[in-house]
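J.: pasted the sequence and its predicted model underneath.
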Amino acid sequence: MNDSPSMPAPSASGTAPTADRPYEHRELMSFVRRSSRLDKRLQKAWDNYADTYLLDLPQVGGRELSVSPDFNFDHAFVKRTWGNSHPMIVEIGTGQGENIVAAAQNNPDVNFLALEVYRPGVAHALLKAGKYELANLRVAEVNAPDLMAVCETGLLNEVWTFFPDPWPKTRHHKRRIVQAPLAAEVHRALKTDGLWRIATDIEDYALHVHEVMDGRDDFDNIGTRIVSLPTEHVSKGTADTAASLPHADFTESERFDGRVLTNFEKKGIDAGRVIHDFTYRAR
């Protein structure tokens, strides 16, 4: 992701909507809907390219950014939309589209779907897709857990979640997008040996990812890099105490070479933050 907001988390009960599970009211939201106003350049991009690149998915009545549990994101839909059955990669929180656009340019035989809730970010992705005439990229302005819930089992080769909103205050940690219910849906949507790639420049979020993912029996952490992290969480006002907390070694990945260096990531590096990459393989 980048400095745009991330996707909403599954419901407080942990139950994601599917055709077999009635939709539940979501009390925990892991994004804040910012202004959806577009400047003239982005409005022109929307007008020119939305018909080609933006997916118009059925919603749950009265809930913005939802995906109807009656919709099937399956091989048949992919074939109709992308015109082929190439491998599929979904990015949760594409920001302004830098990573997924570069990946689509470099991998014309792979289908890509960018998920974003911040409308100017969606428009930026549409602009880039249109500029480079990318036939293998589509964009959806939807809640990522909703889409994962209606994804056909084993449809996806990879899921990417880069630099999600860290929600730094302790009382907001439960709003972080990487949570056990979403992990279960991502696992179901991935092929066997499919990958969930995650990256963050926030040390406390890295600990959160390890806590959610490393103990699961449906994913393997296939990283090869050992990093030391505090074993206790800090908050927005106590982050400077992290160095004095007990530490332990954790396994992470080398930087994913398929991720371009965005301005957002560069700002984090320039600020002295360490980039944490994770690669989890679906069993």
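T.: Thanks, I have the structure now.
J.: can you give me the buried ones in the worst-scoring helix or strand of the chain on mean pLDDT?
T.: Lowest mean confidence among the helices and strands of the chain (mean pLDDT, DSSP states H and E): helix 263-270, at a mean of 92. For helix 263-270, a neighbour-count test (16 or more other CB atoms under 10 Å) marks Phe264, Glu265, Gly268 as buried. The way it works is simple: take the backbone N, C-alpha and C, and place the C-beta from them, glycine included.
J.: distance between the ends of stretch 128-143?
T.: One end of stretch 128-143 sits 22 Å from the other (CA to CA, to the nearest Å).
J.: okay, now Gly216: neighbour count?
T.: Quick fix: residue 216 is Arg, not Gly. A count of neighbours around Arg216, defined by other CB atoms under 10 Å, yields 15.
J.: do the same with the one 3 residues further on
T.: Counted by other CB under 10 Å, the residues lying close to Phe219 total 24.
J.: use 212 as the first number for this chain going forward.
T.: In the new count, where the first residue is 212, that last one comes out as Phe430.
J.: using PDB, write out every CA atom in the strand or helix carrying Val397.
T.: Assigned by DSSP states H and E, Val397 falls within helix 391-400. Taking Å, rounded to 0.1, in the frame of the first residue of the first chain, the C-alpha atoms of helix 391-400 are listed here in PDB:
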ATOM      1  CA  ALA A 391      -6.800 -14.000  11.300                       C
ATOM      2  CA  PRO A 392     -10.200 -13.900   9.500                       C
ATOM      3  CA  LEU A 393      -8.700 -12.300   6.500                       C
ATOM      4  CA  ALA A 394      -5.700 -14.700   6.500                       C
ATOM      5  CA  ALA A 395      -8.200 -17.600   6.400                       C
ATOM      6  CA  GLU A 396     -10.000 -16.100   3.300                       C
ATOM      7  CA  VAL A 397      -6.700 -15.300   1.600                       C
ATOM      8  CA  HIS A 398      -5.500 -18.900   2.200                       C
ATOM      9  CA  ARG A 399      -8.800 -20.300   0.700                       C
ATOM     10  CA  ALA A 400      -8.400 -18.000  -2.400                       C
END
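J.: do you know how far the residue nearest to the spatial centre of the chain is from Gln316?
T.: Centroid-nearest residue in the chain, with CA atoms, centre = their mean: Ile303, separated by 2.1 Å. Counting by CB to CB, to the nearest Å, the gap between Ile303 and Gln316 amounts to 20 Å.
J.: got it, and Gln307?
T.: 15 Å.
J.: between the two, who's got more neighbours?
T.: Counted by other CB under 10 Å, Gln307 and Gln316 do not tie: Gln307 has more neighbours, with 25 against 15.
J.: skipping its backbone neighbours, what lies nearest that one in space?
T.: Of all residues not flanking Gln307 in the chain, His335 sits nearest, at 3.8 Å (CB to CB, 6 or more residues apart in numbering).
J.: hang on, the one you found packs against Val312?
T.: No: in this structure, His335 is not within contact of Val312 by CB atoms under 8 Å, at 9.2 Å.
J.: got the contact list for Val438?
T.: Ala417, Asp460, Phe461, Thr462, Glu463, Val485, His487 (CB atoms under 8 Å, 6 or more residues apart in numbering).
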